[in-house]
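Trainee: Quick one, fold the following:
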Amino acid sequence: MNYFKFEIPTNADGSRVTYSKGWFGTMPKCPANVTVLLYNDKEGYGIAQTPDPIKQPEITELTSIQKDTELKAVIDEDGVYKGAIRIASKFTLEAEVNDGG
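Mentor: As a prediction, this is how the structure comes out:
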């Protein structure tokens, strides 16, 4: 497995860009079969894995040890989504209740 770090850019007003589940950066040729392991909106990066070789200059290749070290160092707080359950919760929309009043 190959691991990489990608940037989560900001909008002109300084807020993080909006993205969909599974997004892992913007590049001309994306690796396939990517699984995102971390979205750190607070610090503006994410970590993902793929069986494909990492050749894209837009992303930073990580060793398995680097990936483990980075993931262990992340504090679970607002704007940080690590692991499948926490990442899924980021993209779960709450329905707005309209009681007709």
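
Trainee: Next, the buried residues of the lengthiest helix in the chain.
Mentor: Counting by DSSP state H, the longest helix found in the chain is helix 64-73. Neighbour-count burial for helix 64-73, counted by 16 or more other CB atoms under 10 Å, picks out Lys67, Glu70. In short, each C-beta sits where N, CA and C put it, glycine included.

Trainee: Please put the alpha-carbon coordinates of it into PDB.
Mentor: What follows is helix 64-73, C-alpha atoms only, in PDB (Å, rounded to 0.1, in the frame of the first residue of the first chain):
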ATOM      1  CA  SER A  64       4.000   3.600   6.400                       C
ATOM      2  CA  ILE A  65       5.800   4.800   9.500                       C
ATOM      3  CA  GLN A  66       5.300   8.500   8.600                       C
ATOM      4  CA  LYS A  67       1.600   7.800   8.000                       C
ATOM      5  CA  ASP A  68       1.200   6.100  11.400                       C
ATOM      6  CA  THR A  69       3.100   8.800  13.200                       C
ATOM      7  CA  GLU A  70       1.000  11.600  11.600                       C
ATOM      8  CA  LEU A  71      -2.300   9.800  12.400                       C
ATOM      9  CA  LYS A  72      -1.300   9.100  16.000                       C
ATOM     10  CA  ALA A  73      -0.400  12.700  16.500                       C
END
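
Trainee: for Asp41, what are its contacts?
Mentor: The neighbours of Asp41, taking CB atoms under 8 Å, 6 or more residues apart in numbering as the test, are Ile8, Arg16, Gly79, Val80, Tyr81.

Trainee: rerun at 7 Å
Mentor: Going by CB atoms under 7 Å, 6 or more residues apart in numbering, Asp41 touches Ile8, Arg16, Gly79.

Trainee: For the closest residue to Lys67 other than its chain neighbours, give the beta-bridge partners.
Mentor: Take Lys67 and drop its neighbours on the chain: the residue closest to it by CB to CB, 6 or more residues apart in numbering is Tyr3, 4.1 Å away. Beta-bridge pairing of Tyr3 under DSSP bridges involves Gln49, Leu62.

Trainee: ok so, going back, so which of the contacts of Asp41 would you say is closest to Cys30?
Mentor: The closest of the contacts of Asp41 to Cys30 turns out to be Ile8 (CB to CB; 15.4 Å).
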